[in-house]
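how would this look folded up:
(one chain, ligands or ions: 1)
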Amino acid sequence: MTTQLFTAPPTAGGWSLVLHGGAGGRVEELSLEAAADYSAGLRTAYRAGSDVLAAGGSALDAVCATVEALEDDPLFNAGRGAALTAAGTAELDASVMTGDGRAGAVAACLHARNPVHAARHVMEHSAAVLLVAPPRAVLEDWGLTTVERDYFLTPARQQQLRNVQDGVLQGSRHGTVGAVARDVHGRIAAATSTGGMVDQTEGRVGDTPVVGAGTYARDGVAAISCTGHGEAFIQGVVAHDLASRVRYLGTPLEQAVADTVAAELDPRGAIGGLIAVDGDGRIVVGHNSPAMFAAYSDGTQVVTHT
Ligand code: ASP
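Below is the predicted model:
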């Protein structure tokens, strides 16, 4: 498998942001949707995070704002428009982590309109790191916006599920969204959110809410958000493996991304990708999938990958 790598320095403002909208094969995903629509959604999400960072806000606020925008966009596999389970339901997973070592996550979250905010709440206001199916009343006590379960369902995802179950749609069943950032104070953070894999068994949880697998951050080292075949990312503890290469071996971020994909994904036959930012604000997008939705600044302008 060939790994495609893209890298860019921090913005002129001294902050960095990169987001992803899932790895897979564009044609195999919701092919009725135009690349232009995806690109517009990626740009809107990038702006949500970059506005925070440009105003001197925190990396945590930036990644949560970015992921919230992607969760609200029905094109992406998170929040409304998430990929559906075999039963046609949406079970949402999300996590956040800050470089100072704090983390929060939710799995099979059914009623938080924005699972990323539920994950952040777990991190900031509970004794837990990971909560499974937090009750609606609890989410409301936390002050989060809640919705009925059918809020997450879209006709496009229901059609995608039928296509997968009928064998019409083969190959990639991935998605997931995420963001990593470094703010002007040098703090880094990562957030990831997903509906999981299309047609997954109810109760299946992938790498997204598993700290060290789908999401990881450590100040001065790297913040990472992953997308792809979640079981392989858990088995390879991919995000932590990447950070460890930077931390213990001193491997530059771009090389570390390539090395982790080669060591932990390729041998498992797993397709996916990740985004990362290092302690100096250099960002990397890497994937061994044919395509990966992403947005970042190349130094002069915002570029999107569709
Ligand atoms: N990693 C996610 C999961 O396994 C799916 C994806 O990123 O496409 O749940």
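
so which bits of the stretch 101-250 of the chain are right by the ligand?
Within reach of the ligand by Cβ under 6 Å from any ligand atom, the stretch 101-250 of the chain has these residues: 174-176, 194, 196-197, 206-208, 214, 227-228, 230. For the C-beta atoms, the positions are set from N, CA and C on the backbone; glycine is no exception.

least confident of those?
pLDDT across these is lowest for His174, at 64.

where does pLDDT dip in the stretch 101-250 of the chain?
170-174 (pLDDT under 70).

tell me the buried residues within the residues of the stretch 101-250 of the chain next to the ligand.
Buried residues within these, defined by neighbour count using 16 or more other Cβ atoms under 10 Å: 174-176, 194, 196-197, 206-208, 214, 227-228, 230.

out of these, which sit inside strands?
If you go by DSSP state E, those have 194, 227-228 in strands.

quick one on the thing from earlier: tabulate the residues of the stretch 101-250 of the chain next to the ligand (TSV), appending distance to Cys109.
Below are those laid out as TSV (distance: Cβ to Cβ, whole Å):
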residue	distance to Cys109
His174	19
Gly175	16
Thr176	14
Thr194	11
Gly196	11
Met197	16
Gly206	13
Asp207	16
Thr208	11
Gly214	15
Thr227	18
Gly228	21
Gly230	16
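
now, which of those lie within helices?
Gly230 (DSSP state H).

any idea what Gln4 is bridged to?
His287 (DSSP bridges).

what number of residues lie near it?
Counted with other Cβ atoms under 10 Å, the neighbours of Gln4 add up to 16.

that one reaches Gly286, doesn't it?
Yes. At 6.9 Å, Gln4 counts as touching Gly286 under the criterion of Cβ atoms under 8 Å.

assign a three-state SS to the spatially most central residue of the chain, would you?
Among the residues of the chain, the one closest to the centroid is Gly178, at 2.4 Å (Cα atoms, centre = their mean). Following DSSP: H, G, I helix; E, B strand; the rest coil, the label given to Gly178 is strand.

tell me the bridge partners for it.
Per DSSP bridges, residues listed as beta-bridge partners of Gly178: His20, Thr192.

does it touch Ser225 like I think?
Yes. Between Gly178 and Ser225 there is a contact at 3.0 Å, judged by Cβ under 8 Å.

can you pull out the strands in the stretch 201-306 of the chain?
Counting by DSSP state E, counting those that start in this stretch, the stretch 201-306 of the chain has strands at residues 215-218, 222-228, 272-278, 283-287, 291-297, 302-305.

does the fourth one come close to the ligand?
The one in question is strand 283-287. No. Contact between strand 283-287 and the ligand is absent, the nearest approach being 10.8 Å (criterion: Cβ under 6 Å from any ligand atom).

what sits against the nearest residue to Leu5 once chain neighbours are set aside?
Excluding its sequence neighbours, the residue lying closest to Leu5 (Cβ to Cβ, 6 or more residues apart in numbering) is Gly286, at 4.9 Å. Neighbouring residues of Gly286 by Cβ atoms under 8 Å, 6 or more residues apart in numbering: 3-6, 254, 257-258, 261, 273-276.

in the stretch 1-150 of the chain, what residue lies closest to the ligand?
Distances between the stretch 1-150 of the chain and the ligand by Cβ to the nearest ligand atom are smallest at Gly22, namely 5.4 Å.

quick one: the helices in the stretch 101-250 of the chain?
115-125, 136-141, 155-165, 230-235, 238-249 (DSSP state H, counting those that start in this stretch).

out of those, which comes closest to Val52?
The closest of these to Val52 is helix 115-125. By Cβ to Cβ, the value is 13.6 Å.

return the closest one as CSV; C-alpha atoms alone will do.
C-alpha atoms of helix 115-125 as CSV (Å, rounded to 0.1, in the frame of the first residue of the first chain):
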residue,chain,number,x,y,z
PRO,A,115,-20.9,13.9,20.7
VAL,A,116,-17.6,15.9,20.8
HIS,A,117,-19.1,18.2,23.4
ALA,A,118,-20.1,15.2,25.5
ALA,A,119,-16.6,13.9,25.3
ARG,A,120,-15.2,17.2,26.4
HIS,A,121,-17.7,17.3,29.3
VAL,A,122,-16.5,13.9,30.4
MET,A,123,-12.9,15.2,30.3
GLU,A,124,-13.6,18.4,32.2
HIS,A,125,-16.3,17.6,34.6
